[in-house]
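Build the 3D model from these lines:
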Amino acid sequence: MRRALNGGPRLYRMVGCIGLCLNILAIVYITFNMIYNVNPFHRSGQGCVRLETLDPNEVDMNKSIFFLETNRMPAVEIIPRQACSIESAARANPDRQVYVLVLSPRLECTHNMTAVFRLIAHYKNVKIRHVDFYGYVSDTPAEAFVKSGTMDKGRWPVEQHSDLLRLLTLWKFGGVYMDIDVVSLRPVPMENFVIAEKPGPMLGSGVIGLQNKSIAARAIEMFIRGFVGDEWTQNGPFLITSLTRAVCETDQLPDVNAGNANCGDLTIYQADVFSPIPWYEWPKLFHETDDYAVMKALNNSVGVHFWNKMTKDQPILVGSMQPYAQIAAMYCPIVYGTADEYL
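From the prediction side, this is the model:
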(Lines give C-alpha, C1' and ligand atoms only; values in the text may rest on other atoms or scores of the structure.)
Protein backbone atom coordinates (compact mmCIF):
# COMPACT_ATOMS: atom_id res chain seq x y z
CA MET A 1 0.00 0.00 0.00
CA ARG A 2 2.82 2.45 0.97
CA ARG A 3 4.68 1.71 -2.27
CA ALA A 4 1.59 2.40 -4.33
CA LEU A 5 0.92 5.64 -2.49
CA ASN A 6 4.51 6.73 -2.84
CA GLY A 7 4.65 6.69 -6.58
CA GLY A 8 3.03 4.09 -8.77
CA PRO A 9 2.67 5.48 -12.31
CA ARG A 10 -0.85 4.04 -12.57
CA LEU A 11 -1.85 6.05 -9.50
CA TYR A 12 -0.43 9.24 -10.97
CA ARG A 13 -2.30 8.66 -14.23
CA MET A 14 -5.52 7.98 -12.32
CA VAL A 15 -5.13 11.13 -10.20
CA GLY A 16 -4.43 13.11 -13.35
CA CYS A 17 -7.56 11.78 -15.04
CA ILE A 18 -9.66 12.58 -11.99
CA GLY A 19 -8.26 16.11 -11.92
CA LEU A 20 -8.95 16.59 -15.63
CA CYS A 21 -12.51 15.32 -15.24
CA LEU A 22 -13.13 17.66 -12.30
CA ASN A 23 -11.83 20.60 -14.31
CA ILE A 24 -14.10 19.72 -17.24
CA LEU A 25 -17.08 19.41 -14.94
CA ALA A 26 -16.26 22.78 -13.39
CA ILE A 27 -16.08 24.42 -16.83
CA VAL A 28 -19.37 22.83 -17.89
CA TYR A 29 -21.03 23.93 -14.63
CA ILE A 30 -19.81 27.53 -14.98
CA THR A 31 -20.76 27.70 -18.66
CA PHE A 32 -24.18 26.24 -17.95
CA ASN A 33 -24.76 28.80 -15.20
CA MET A 34 -23.71 31.64 -17.49
CA ILE A 35 -26.00 30.52 -20.32
CA TYR A 36 -29.05 29.45 -18.35
CA ASN A 37 -28.71 31.52 -15.16
CA VAL A 38 -29.12 28.41 -13.06
CA ASN A 39 -29.34 28.46 -9.28
CA PRO A 40 -29.55 24.82 -8.19
CA PHE A 41 -30.42 25.90 -4.65
CA HIS A 42 -33.62 27.74 -5.56
CA ARG A 43 -36.63 26.62 -3.60
CA SER A 44 -39.01 24.38 -5.50
CA GLY A 45 -41.74 26.46 -7.09
CA GLN A 46 -39.44 29.43 -7.82
CA GLY A 47 -37.76 27.78 -10.78
CA CYS A 48 -34.07 27.37 -11.44
CA VAL A 49 -33.73 28.19 -15.15
CA ARG A 50 -34.51 31.74 -16.18
CA LEU A 51 -35.62 31.71 -19.79
CA GLU A 52 -34.38 34.10 -22.44
CA THR A 53 -37.15 36.40 -23.66
CA LEU A 54 -38.19 35.98 -27.28
CA ASP A 55 -36.66 38.49 -29.67
CA PRO A 56 -39.09 38.82 -32.60
CA ASN A 57 -36.18 39.58 -34.91
CA GLU A 58 -34.71 36.12 -34.35
CA VAL A 59 -37.74 34.34 -35.85
CA ASP A 60 -37.64 33.26 -39.49
CA MET A 61 -40.87 34.51 -40.99
CA ASN A 62 -43.18 31.80 -42.36
CA LYS A 63 -40.58 29.09 -41.69
CA SER A 64 -40.82 28.21 -37.99
CA ILE A 65 -42.72 25.68 -35.88
CA PHE A 66 -44.28 26.81 -32.61
CA PHE A 67 -45.30 25.07 -29.40
CA LEU A 68 -46.91 26.88 -26.48
CA GLU A 69 -46.81 26.39 -22.71
CA THR A 70 -49.48 28.74 -21.35
CA ASN A 71 -49.50 28.02 -17.60
CA ARG A 72 -48.99 31.46 -16.05
CA MET A 73 -47.08 30.33 -12.97
CA PRO A 74 -43.74 31.48 -11.44
CA ALA A 75 -42.15 28.38 -12.98
CA VAL A 76 -43.32 25.47 -15.11
CA GLU A 77 -41.98 22.04 -15.91
CA ILE A 78 -41.50 20.62 -19.38
CA ILE A 79 -42.28 16.95 -18.88
CA PRO A 80 -40.71 14.17 -20.97
CA ARG A 81 -43.78 13.67 -23.15
CA GLN A 82 -43.72 17.35 -24.09
CA ALA A 83 -39.98 17.16 -24.66
CA CYS A 84 -40.62 14.18 -26.95
CA SER A 85 -42.94 16.28 -29.13
CA ILE A 86 -40.36 19.07 -29.27
CA GLU A 87 -37.54 16.70 -30.20
CA SER A 88 -39.59 14.97 -32.87
CA ALA A 89 -40.39 18.30 -34.54
CA ALA A 90 -36.74 19.38 -34.48
CA ARG A 91 -35.60 15.98 -35.76
CA ALA A 92 -38.14 15.80 -38.60
CA ASN A 93 -37.58 19.43 -39.63
CA PRO A 94 -33.86 20.13 -39.29
CA ASP A 95 -34.10 23.16 -41.61
CA ARG A 96 -36.78 24.81 -39.44
CA GLN A 97 -36.51 26.65 -36.15
CA VAL A 98 -38.64 25.07 -33.42
CA TYR A 99 -39.82 27.55 -30.80
CA VAL A 100 -41.32 26.66 -27.44
CA LEU A 101 -42.99 29.84 -26.19
CA VAL A 102 -43.52 29.82 -22.43
CA LEU A 103 -45.60 32.34 -20.46
CA SER A 104 -43.75 31.53 -17.26
CA PRO A 105 -40.35 33.26 -16.97
CA ARG A 106 -38.66 30.16 -15.55
CA LEU A 107 -38.48 26.40 -15.94
CA GLU A 108 -38.76 24.28 -12.82
CA CYS A 109 -35.77 22.03 -12.24
CA THR A 110 -36.75 18.45 -11.58
CA HIS A 111 -35.22 15.14 -12.60
CA ASN A 112 -37.13 15.50 -15.88
CA MET A 113 -34.96 18.46 -16.90
CA THR A 114 -32.27 16.05 -18.07
CA ALA A 115 -34.32 15.37 -21.19
CA VAL A 116 -34.77 19.10 -21.89
CA PHE A 117 -31.07 19.91 -21.45
CA ARG A 118 -29.99 17.04 -23.69
CA LEU A 119 -32.33 17.93 -26.53
CA ILE A 120 -31.30 21.61 -26.38
CA ALA A 121 -27.65 20.56 -26.55
CA HIS A 122 -28.26 18.19 -29.48
CA TYR A 123 -30.74 20.14 -31.61
CA LYS A 124 -29.50 23.61 -32.43
CA ASN A 125 -32.87 24.48 -33.99
CA VAL A 126 -34.75 24.24 -30.65
CA LYS A 127 -35.37 27.58 -28.95
CA ILE A 128 -37.20 27.76 -25.60
CA ARG A 129 -38.26 31.35 -25.02
CA HIS A 130 -40.30 33.31 -22.50
CA VAL A 131 -43.05 35.62 -23.71
CA ASP A 132 -44.84 38.06 -21.43
CA PHE A 133 -48.54 37.64 -22.15
CA TYR A 134 -49.52 41.31 -22.04
CA GLY A 135 -46.40 42.39 -23.88
CA TYR A 136 -47.00 39.75 -26.55
CA VAL A 137 -50.55 40.93 -27.29
CA SER A 138 -49.54 44.61 -27.32
CA ASP A 139 -49.96 46.25 -30.74
CA THR A 140 -51.98 43.30 -32.04
CA PRO A 141 -55.65 43.02 -33.06
CA ALA A 142 -56.32 41.34 -29.68
CA GLU A 143 -54.82 44.01 -27.38
CA ALA A 144 -58.06 45.78 -26.45
CA PHE A 145 -59.90 42.50 -25.99
CA VAL A 146 -57.27 41.13 -23.61
CA LYS A 147 -57.12 44.36 -21.62
CA SER A 148 -60.91 44.23 -21.20
CA GLY A 149 -60.44 41.27 -18.84
CA THR A 150 -62.97 39.10 -20.67
CA MET A 151 -60.57 36.17 -20.91
CA ASP A 152 -59.82 36.26 -17.18
CA LYS A 153 -63.35 35.00 -16.55
CA GLY A 154 -62.90 31.90 -18.72
CA ARG A 155 -63.40 28.45 -17.26
CA TRP A 156 -60.25 27.02 -18.86
CA PRO A 157 -57.69 29.87 -18.82
CA VAL A 158 -54.67 27.76 -19.83
CA GLU A 159 -56.39 26.31 -22.88
CA GLN A 160 -58.15 29.54 -23.84
CA HIS A 161 -54.94 31.58 -23.63
CA SER A 162 -53.38 28.94 -25.87
CA ASP A 163 -56.28 29.22 -28.34
CA LEU A 164 -55.62 32.94 -28.71
CA LEU A 165 -51.82 32.86 -28.59
CA ARG A 166 -51.54 30.29 -31.37
CA LEU A 167 -53.49 32.62 -33.66
CA LEU A 168 -51.48 35.67 -32.59
CA THR A 169 -48.21 33.79 -33.12
CA LEU A 170 -49.20 32.83 -36.66
CA TRP A 171 -50.36 36.40 -37.28
CA LYS A 172 -46.99 37.73 -36.10
CA PHE A 173 -44.63 35.24 -37.72
CA GLY A 174 -46.45 32.80 -39.97
CA GLY A 175 -45.42 29.14 -39.91
CA VAL A 176 -46.96 26.16 -38.13
CA TYR A 177 -48.46 25.85 -34.67
CA MET A 178 -48.58 22.39 -33.05
CA ASP A 179 -50.07 21.21 -29.77
CA ILE A 180 -47.32 20.03 -27.45
CA ASP A 181 -48.81 16.50 -27.42
CA VAL A 182 -48.29 16.02 -31.18
CA VAL A 183 -45.30 13.88 -32.18
CA SER A 184 -43.87 14.62 -35.63
CA LEU A 185 -43.04 11.70 -37.90
CA ARG A 186 -42.19 13.54 -41.12
CA PRO A 187 -41.47 17.11 -42.23
CA VAL A 188 -44.35 19.48 -41.58
CA PRO A 189 -45.67 21.34 -44.65
CA MET A 190 -45.16 25.11 -44.67
CA GLU A 191 -48.39 26.38 -46.18
CA ASN A 192 -51.86 27.55 -45.19
CA PHE A 193 -53.60 24.47 -43.83
CA VAL A 194 -56.05 23.15 -41.28
CA ILE A 195 -56.76 19.56 -40.30
CA ALA A 196 -59.86 17.43 -40.26
CA GLU A 197 -60.70 15.26 -37.27
CA LYS A 198 -62.77 12.14 -36.99
CA PRO A 199 -65.69 11.72 -36.74
CA GLY A 200 -66.31 15.29 -37.97
CA PRO A 201 -67.84 17.62 -38.90
CA MET A 202 -65.64 20.00 -36.86
CA LEU A 203 -62.04 20.56 -37.85
CA GLY A 204 -59.17 20.38 -35.38
CA SER A 205 -57.12 23.21 -33.87
CA GLY A 206 -54.17 21.11 -32.66
CA VAL A 207 -52.10 21.77 -35.79
CA ILE A 208 -52.51 24.90 -37.90
CA GLY A 209 -50.36 26.28 -40.70
CA LEU A 210 -50.74 29.91 -41.76
CA GLN A 211 -48.56 32.08 -43.93
CA ASN A 212 -51.37 34.35 -45.06
CA LYS A 213 -51.58 37.14 -42.46
CA SER A 214 -55.07 38.15 -43.53
CA ILE A 215 -56.41 34.68 -42.69
CA ALA A 216 -54.75 34.85 -39.27
CA ALA A 217 -56.22 38.33 -38.68
CA ARG A 218 -59.65 37.03 -39.63
CA ALA A 219 -59.25 34.18 -37.15
CA ILE A 220 -58.34 36.59 -34.35
CA GLU A 221 -61.35 38.76 -35.16
CA MET A 222 -63.63 35.71 -35.01
CA PHE A 223 -62.04 34.64 -31.71
CA ILE A 224 -62.76 38.03 -30.14
CA ARG A 225 -66.27 38.27 -31.51
CA GLY A 226 -67.24 34.72 -30.60
CA PHE A 227 -65.32 34.10 -27.36
CA VAL A 228 -67.25 31.96 -24.89
CA GLY A 229 -65.59 31.47 -21.51
CA ASP A 230 -67.38 28.31 -20.43
CA GLU A 231 -67.14 26.31 -23.69
CA TRP A 232 -64.18 24.01 -24.36
CA THR A 233 -64.43 23.78 -28.17
CA GLN A 234 -65.93 27.18 -29.01
CA ASN A 235 -62.60 29.03 -29.17
CA GLY A 236 -60.66 26.17 -30.76
CA PRO A 237 -62.11 23.56 -33.12
CA PHE A 238 -65.40 25.40 -33.62
CA LEU A 239 -63.55 28.62 -34.48
CA ILE A 240 -61.24 26.88 -36.97
CA THR A 241 -64.27 25.23 -38.58
CA SER A 242 -66.06 28.58 -38.87
CA LEU A 243 -62.91 30.23 -40.22
CA THR A 244 -62.52 27.57 -42.90
CA ARG A 245 -66.14 27.95 -43.97
CA ALA A 246 -65.61 31.70 -44.23
CA VAL A 247 -62.38 31.36 -46.25
CA CYS A 248 -63.99 28.73 -48.50
CA GLU A 249 -67.17 30.87 -48.76
CA THR A 250 -69.42 27.90 -48.11
CA ASP A 251 -71.54 26.44 -45.32
CA GLN A 252 -70.60 22.93 -46.46
CA LEU A 253 -66.97 21.98 -45.93
CA PRO A 254 -65.27 20.00 -48.69
CA ASP A 255 -65.35 16.22 -48.26
CA VAL A 256 -61.89 15.05 -47.21
CA ASN A 257 -62.72 11.36 -46.83
CA ALA A 258 -61.28 10.60 -50.25
CA GLY A 259 -58.27 12.91 -49.94
CA ASN A 260 -57.05 16.36 -48.98
CA ALA A 261 -59.12 19.28 -50.21
CA ASN A 262 -58.28 22.82 -51.28
CA CYS A 263 -60.26 26.02 -51.39
CA GLY A 264 -58.36 29.00 -52.60
CA ASP A 265 -55.16 29.43 -50.59
CA LEU A 266 -56.15 26.94 -47.88
CA THR A 267 -55.59 23.17 -47.70
CA ILE A 268 -57.75 20.91 -45.53
CA TYR A 269 -55.81 17.80 -44.62
CA GLN A 270 -57.44 14.47 -43.94
CA ALA A 271 -57.64 13.43 -40.30
CA ASP A 272 -55.07 10.67 -40.84
CA VAL A 273 -52.35 13.22 -41.63
CA PHE A 274 -52.08 14.39 -38.01
CA SER A 275 -54.66 12.33 -36.11
CA PRO A 276 -54.39 8.75 -37.40
CA ILE A 277 -55.80 7.58 -34.07
CA PRO A 278 -58.89 9.68 -33.27
CA TRP A 279 -59.53 10.96 -29.76
CA TYR A 280 -62.26 8.42 -29.05
CA GLU A 281 -59.81 5.55 -29.79
CA TRP A 282 -56.96 6.89 -27.62
CA PRO A 283 -56.59 3.65 -25.56
CA LYS A 284 -55.10 2.00 -28.66
CA LEU A 285 -52.01 4.17 -28.22
CA PHE A 286 -51.23 2.39 -24.94
CA HIS A 287 -52.27 -1.22 -25.59
CA GLU A 288 -49.55 -3.60 -26.75
CA THR A 289 -52.20 -5.74 -28.43
CA ASP A 290 -52.99 -2.82 -30.77
CA ASP A 291 -49.41 -2.09 -31.77
CA TYR A 292 -49.55 -3.57 -35.28
CA ALA A 293 -52.74 -1.76 -36.26
CA VAL A 294 -51.56 1.55 -34.81
CA MET A 295 -48.12 1.45 -36.41
CA LYS A 296 -49.65 0.54 -39.75
CA ALA A 297 -52.03 3.50 -39.46
CA LEU A 298 -49.02 5.84 -39.36
CA ASN A 299 -47.87 5.03 -42.90
CA ASN A 300 -49.28 8.22 -44.41
CA SER A 301 -49.12 10.44 -41.34
CA VAL A 302 -47.03 13.54 -40.75
CA GLY A 303 -47.70 13.47 -37.01
CA VAL A 304 -49.60 11.72 -34.23
CA HIS A 305 -51.86 13.52 -31.78
CA PHE A 306 -51.72 11.83 -28.36
CA TRP A 307 -54.71 13.59 -26.78
CA ASN A 308 -53.09 14.65 -23.53
CA LYS A 309 -56.38 15.69 -21.95
CA MET A 310 -57.46 12.03 -21.93
CA THR A 311 -54.08 10.27 -21.77
CA LYS A 312 -51.92 12.28 -19.36
CA ASP A 313 -52.27 9.70 -16.55
CA GLN A 314 -51.66 6.66 -18.74
CA PRO A 315 -48.27 5.00 -18.05
CA ILE A 316 -45.78 4.49 -20.90
CA LEU A 317 -43.38 1.69 -20.04
CA VAL A 318 -39.92 2.13 -21.55
CA GLY A 319 -38.96 -0.86 -23.69
CA SER A 320 -42.54 -2.07 -24.04
CA MET A 321 -44.48 -2.71 -27.24
CA GLN A 322 -47.00 -0.01 -26.42
CA PRO A 323 -47.46 2.03 -29.60
CA TYR A 324 -46.63 5.29 -27.78
CA ALA A 325 -43.39 3.76 -26.48
CA GLN A 326 -42.43 2.49 -29.94
CA ILE A 327 -43.14 5.88 -31.53
CA ALA A 328 -41.12 7.69 -28.85
CA ALA A 329 -38.18 5.31 -29.30
CA MET A 330 -38.11 6.05 -33.04
CA TYR A 331 -38.98 9.74 -33.20
CA CYS A 332 -37.63 11.24 -29.96
CA PRO A 333 -34.70 8.91 -29.19
CA ILE A 334 -32.76 11.35 -27.00
CA VAL A 335 -35.69 12.06 -24.69
CA TYR A 336 -36.66 8.40 -24.68
CA GLY A 337 -33.09 7.47 -23.77
CA THR A 338 -33.21 9.66 -20.65
CA ALA A 339 -36.29 7.92 -19.25
CA ASP A 340 -35.89 5.38 -16.48
CA GLU A 341 -38.84 3.05 -16.24
CA TYR A 342 -41.65 5.26 -17.54
CA LEU A 343 -41.84 8.10 -20.04
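
how about the helices in the chain?
2-5, 9-36, 80-92, 113-122, 133-137, 143-147, 157-173, 213-226, 237-248, 271-274, 291-297, 308-311, 323-331, 333-338 (DSSP state H).

Go through these and pick out the most buried.
helix 80-92 (a mean of 26; mean count of other Cβ atoms under 10 Å). Where you see a C-beta, it was placed from the backbone N, CA and C, and this is true even at glycine.

quick check: angle from it to helix 323-331?
Per axes from the mean of the first three to the mean of the last three Cα atoms, to 10 degrees, the angle that helix 80-92 makes with helix 323-331 is 40 degrees.

pLDDT on helix 80-92, on average?
In this model, helix 80-92 has an average pLDDT of 96.

ok, now stretch 247-265?
Here the average pLDDT along stretch 247-265 is 79.

Tell me the buried residues in that stretch?
247-248, 253, 256, 261 (16 or more other Cβ atoms under 10 Å).

what do you get for stretch 177-195?
Those would be 177-185, 188, 190, 192-195, for stretch 177-195 by 16+ other Cβ under 10 Å.

So which of those residues are in strands?
177-178, 182-184, 193-195 (DSSP state E).

Let me have these in a markdown table, extended by pLDDT.
Listed next are these as a markdown table, based on pLDDT from 0 to 100:
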| residue | pLDDT |
| --- | --- |
| 177 | 98 |
| 178 | 97 |
| 182 | 97 |
| 183 | 98 |
| 184 | 98 |
| 193 | 96 |
| 194 | 95 |
| 195 | 94 |
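
Can you name the two of the residues you listed that sit furthest apart?
183 and 194 (19.4 Å; Cβ to Cβ).

can I assume residue 291 is in contact with residue 322?
Yes: Residue 291 lies in contact with residue 322 (Cβ atoms under 8 Å); the separation is 7.0 Å.

OK, contacts around the closest residue to residue 158 other than its chain neighbours?
Nearest non-adjacent residue to residue 158, counting by Cβ to Cβ, 6 or more residues apart in numbering: residue 70, 5.2 Å away. For residue 70, the contacting residues are 103, 158-159, 161-162, 165, by Cβ atoms under 8 Å, 6 or more residues apart in numbering.

mind running it again at 10 Å?
76, 101-104, 131, 133, 157-166, 180 (Cβ atoms under 10 Å, 6 or more residues apart in numbering).

From residue 312, how far out is it?
16 Å (Cβ to Cβ, to the nearest Å).

before we move on, back to that, can you lay out the helices of the chain as JSON lines showing distance to residue 55?
Shown next, in JSON lines, are the helices of the chain (distance: least, Cβ to Cβ, whole Å):
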{"stretch": "helix 2-5", "distance to residue 55": "56"}
{"stretch": "helix 9-36", "distance to residue 55": "16"}
{"stretch": "helix 80-92", "distance to residue 55": "19"}
{"stretch": "helix 113-122", "distance to residue 55": "17"}
{"stretch": "helix 133-137", "distance to residue 55": "12"}
{"stretch": "helix 143-147", "distance to residue 55": "20"}
{"stretch": "helix 157-173", "distance to residue 55": "12"}
{"stretch": "helix 213-226", "distance to residue 55": "20"}
{"stretch": "helix 237-248", "distance to residue 55": "29"}
{"stretch": "helix 271-274", "distance to residue 55": "30"}
{"stretch": "helix 291-297", "distance to residue 55": "40"}
{"stretch": "helix 308-311", "distance to residue 55": "29"}
{"stretch": "helix 323-331", "distance to residue 55": "29"}
{"stretch": "helix 333-338", "distance to residue 55": "26"}
